[in-house]
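In: structure of the sequence below:
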Amino acid sequence: MKTVILRIPHRGVDQSGSQESHPRNFLNSPHLLKEPEHVHILKYSPSSVLDDTFITMTEILSRLLSFPPATPTLSKTSDVEYDKQICVLYSDLKRIPALKLVADIPGRGSLLELLDPSTQTLAYLFVLLSHYQVSQEKTKESLPAKWLPGGEIWRKSVALLEVFDPIQVRYAGQEWRSLVDMVAKSAEVASRLYVL
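Out: The predicted structure follows:
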């Protein structure tokens, strides 16, 4: 992991009391640079695997299957390391476009078929929500047929609700709530349709 250090100067007041307005003048003012409070050091550690915008579906699958670590490693993984890894995965998932998460992997199928909802709960959750988003955009319906009871996404959602990893879900509270709300809303809409 590399660390990039950025030095960001603050605007300061020179010795005469006037406000420094031009960054170049500010940087050339040695009396200001001697003061450590005028320079902030920010560390940026790019630890994400998905930094490339042209990522392939195979790379996405590989990344999603990489968490959680394999069982022998899991017992050796500290809570801090686990937390760090899941936070990076969460960040990666937020950046992957929904259309990528719903696309099939050539010769392998859908991510919903390739991921295990009990072990890759976080990734599975994001893929499900991406399916909802894409199907809603295509059909312009608030609840597409795939999300109604008996539909493909409904079945996958219920399966996730039955076997999810509660530790992973804690890192995606808002997304988890969205899924639970959509499943409940779908059931409510379907029950009204059957009553009529």
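In: how many other residues sit next to Pro69?
Out: 14 (other CB atoms under 10 Å). No exception for glycine: its C-beta is placed from N, CA and C like everyone else's.
In: which non-adjacent residue is nearest it?
Out: Thr77 (5.5 Å; CB to CB, 6 or more residues apart in numbering).
In: that neighbour touches Phe67, doesn't it?
Out: No: in this structure Thr77 lies outside contact range of Phe67 using CB atoms under 8 Å: 10.5 Å.
In: which neighbours do those two have in common?
Out: Gln85 (CB atoms under 8 Å, 6 or more residues apart in numbering).
In: for those two, indicate the residue with more neighbours.
Out: Shown here are Thr77 and Phe67; by other CB under 10 Å, Phe67 has more neighbours (19 against 15).
In: quick one: contacts of the one helix or strand Leu122 maps to?
Out: Here Leu122, judged by DSSP states H and E, is contained in helix 121-139. For helix 121-139, the surrounding residues in contact (CB under 8 Å, 6+ apart) are 64, 67, 86, 89-90, 93, 96, 98-99, 101-102, 111-112, 115-117, 142, 144-147, 153, 156-157, 160, 164-165, 168-169, 171-172, 175-176, 178-179, 182.
In: likewise for stretch 105-118?
Out: Contacts of stretch 105-118 (CB under 8 Å, 6+ apart): 57-58, 60-61, 64-65, 101-102, 104, 123-124, 127-128, 131, 156, 159-160, 163-165.
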